[in-house]
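> Next comes the sequence, and after it the predicted model I'd like to discuss.
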Amino acid sequence: MPKKVIVIGSGPGGYPAALRLKELGADVSIVEAWDFGGTCLNRGCIPSKAFLDTGHRVHAFEGLRRLLKDGSGVNFSPEMLDWEKVKARRADVILKLRGSLEKLFQAKKIEVIRGRASFSAHHEVTITGPDGKTEKRTFDAAILAAGTRPSFPPPFRDFHAELTDSDRVFDLPKLPKSLLIVGGGVIGLEFACFFNAIGVKVEVLELLPDILAGEDPQVTRAVRTSFEKRGVKFHFGKKTASIKTGPGLKTLELEDGSKLQAEEILVGAGRAADLTGMGLEALSLAWDRRGVKVNDRMQTVVPEVYAVGDVNGLSLLAHSASRQGEIAAENIMGGDQAFDDSIVPKCVYAWPEVGSVGLNKAQAEAKGITVKTARAFYLGIGKAVATDETEGFAQLVFKADDETVLGAQLVGGPATELIHLMALAVKLKLRKKELRQIIYAHPTMAEAVHEALQR
């Protein structure tokens, strides 16, 4: 008899797990309480990139102005955008991708169950359908891939209905003239980039001393400076004391007595594991806002239950979730795969883009590793100059003794695409001399990596 596996959640952790399980011969069912594709497809990675693409088109047109003939009559401005059409384009992208994914599961003959699953005993879940009816399903193994929800730390949690978040911002009834974003991480910066590009006055409030916590200081400086040149204002190291949300402008009063006001306030202070009502107590599985603890095989303390993606708190990235889902599937079917966090690319899809992998200088030195770095700026790269994309750099981190690649930080250009070259270098423990043997096509933005290797 084939092994019976239930996957809870159809996001970027759940659906690759289900596909891999089917490929390996399992009897697999996937349970989804909401729209197929989970947070990433429906209210995260994909819709935000559709928004960012719109913003980038506006940004690119602004850069084209200086090439127009005098008196050409082209008077486009960001204020001319139709907010309803921007939202409709995002919705169309989601529907196309969701439809393709659902058709793939139909073609693979993988059972999709609509409803909310809750563990009711070892090897058993209870599924509550949209109509309220319940059914019990037994399993040999289960993969928990339920994802996360936006986090509202105090005092924001008392104003959840009056403020927006990274899920609900896509459906704002009208485009605000001003937006205050709470959180200077990836979520906050991507929305700051988009809304600034389409003419919204944007300010960012961050409790920490700088944006992109844990990123290399050279990276954060470059990104922050770029945003500030475009008019985004940052407030660092300030904590919110109180909130007022009456008609008109919303107000944050900070602990130092200062006030920040905007038409809309977006709370982008991270996400928390969405495990309420999952029945984890029936399995004696403990969890907190970071999620359920797993080993590097994605296995919880209950041997037949695995947890992948954001619900285990290891790496809150869609591509990490996908790899973890595949690892869990393979291990359930007798494999011995482990998750390697050191090769996970970390990306920011604003402009300038950011792609990083492995260790930066400070992280390596904290581990007692003596390192050296090499950096090349796009200002000296032919393709960058020709395409007017000279903002940013490629920075590589090597062990000082044998020049093994430990990590890389790329800012600007197609950083989120180029970072995979460096992820491969970190994975294979390549040395500087080996990376230099690659022939880098000319003219390309990848030549920034080649130039850094010459330093």
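Good, I have the coordinates.

> Work out the gap between stretch 369-376 and the centre of the chain.
Here stretch 369-376 is found 27 Å from its chain centre; the criterion is CA atoms, centre = their mean, to the nearest Å.

> and if you look at stretch 225-242?
Using CA atoms, centre = their mean, the offset of stretch 225-242 from its chain centre is 21 Å.

> end to end, how far does that stretch reach?
For stretch 225-242, the first-to-last residue distance is 29 Å (CA to CA, to the nearest Å).

> Going by neighbour count, list what's buried in that stretch.
Neighbour counts over stretch 225-242 (16 or more other CB atoms under 10 Å) mark Ser226, Phe227, Val232, Phe234, His235, Thr240 as buried. To be clear about C-beta, it is placed using only N, CA and C from the backbone, and glycine gets the same treatment.

> Now go through those residues and say which are in strands.
With DSSP state E as the criterion, strands contain Phe234, His235, Thr240 from among the buried residues of stretch 225-242.

> For those, give me JSON lines that also has pLDDT.
Output for those, formatted as JSON lines (pLDDT from 0 to 100):
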{"residue": "Phe234", "pLDDT": "98"}
{"residue": "His235", "pLDDT": "97"}
{"residue": "Thr240", "pLDDT": "96"}
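
> now, which of these sits nearest Glu190?
Phe234 (15.0 Å; CB to CB).

> Apart from its chain neighbours, what residue comes closest to that closest one?
Val204 (5.0 Å; CB to CB, 6 or more residues apart in numbering).

> Mind exporting the C-alpha coordinates of stretch 286-298 to PDB?
What follows is stretch 286-298, C-alpha atoms only, in PDB (Å, rounded to 0.1, in the frame of the first residue of the first chain):
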ATOM      1  CA  ALA A 286       4.400  23.200  21.600                       C
ATOM      2  CA  TRP A 287       4.700  26.400  19.500                       C
ATOM      3  CA  ASP A 288       5.100  30.100  19.800                       C
ATOM      4  CA  ARG A 289       4.900  33.100  17.400                       C
ATOM      5  CA  ARG A 290       8.000  31.900  15.600                       C
ATOM      6  CA  GLY A 291       6.400  28.500  14.900                       C
ATOM      7  CA  VAL A 292       7.000  24.800  15.600                       C
ATOM      8  CA  LYS A 293      10.500  23.500  16.300                       C
ATOM      9  CA  VAL A 294      11.900  21.100  13.700                       C
ATOM     10  CA  ASN A 295      15.200  19.400  13.100                       C
ATOM     11  CA  ASP A 296      17.100  19.900   9.900                       C
ATOM     12  CA  ARG A 297      15.000  17.100   8.300                       C
ATOM     13  CA  MET A 298      11.900  19.200   8.900                       C
END
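
> Need the contact partners of it.
Stretch 286-298 is contacted from outside by 143-144, 151, 272-273, 275, 280, 285, 300-301, 306-308, 310-314, 324, 327-328, 331, 336-339, using CB atoms under 8 Å, 6 or more residues apart in numbering.

> buried residues in it?
Buried residues in stretch 286-298, counted by 16+ other CB under 10 Å: Trp287, Gly291, Val292, Val294, Arg297, Met298.

> same check, this time on stretch 338-354
Buried residues in stretch 338-354 (16+ other CB under 10 Å): 339, 343-354.

> Just put these in TSV and tack on pLDDT and secondary structure.
Below are the buried residues of stretch 338-354 laid out as TSV (pLDDT from 0 to 100; DSSP: H, G, I helix; E, B strand; the rest coil):
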residue	pLDDT	secondary structure
Phe339	97	coil
Ile343	95	helix
Val344	97	coil
Pro345	97	coil
Lys346	97	strand
Cys347	98	strand
Val348	98	strand
Tyr349	97	coil
Ala350	96	coil
Trp351	95	coil
Pro352	97	coil
Glu353	98	coil
Val354	98	strand
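
> which secondary element of the chain has the worst mean pLDDT?
strand 287-288 (a mean of 82; mean pLDDT, DSSP states H and E).

> C-terminal to that strand, what's the next element?
Under the assignment DSSP states H and E, the closest C-terminal helix or strand after strand 287-288 is strand 291-292.

> neighbouring contacts of whichever helix or strand comes after that following strand?
Toward the C-terminus, strand 291-292 is succeeded by strand 305-307 as the next helix or strand (DSSP H and E). If you take CB under 8 Å, 6+ apart as the criterion, strand 305-307 is touched by 119, 141-145, 283, 285, 291-292, 294, 297-300, 328, 331-332.

> Can you report how many residues lie near Arg436?
Neighbourhood size, Arg436 [other CB atoms under 10 Å]: 12.

> so who does it touch?
Applying CB under 8 Å, 6+ apart, one finds that Arg436 lies in contact with His450, Leu453, Gln454.

> from the residues you listed, which ones fall inside helices?
Counting by DSSP state H, the part of the contacts of Arg436 found in helices is His450, Leu453.
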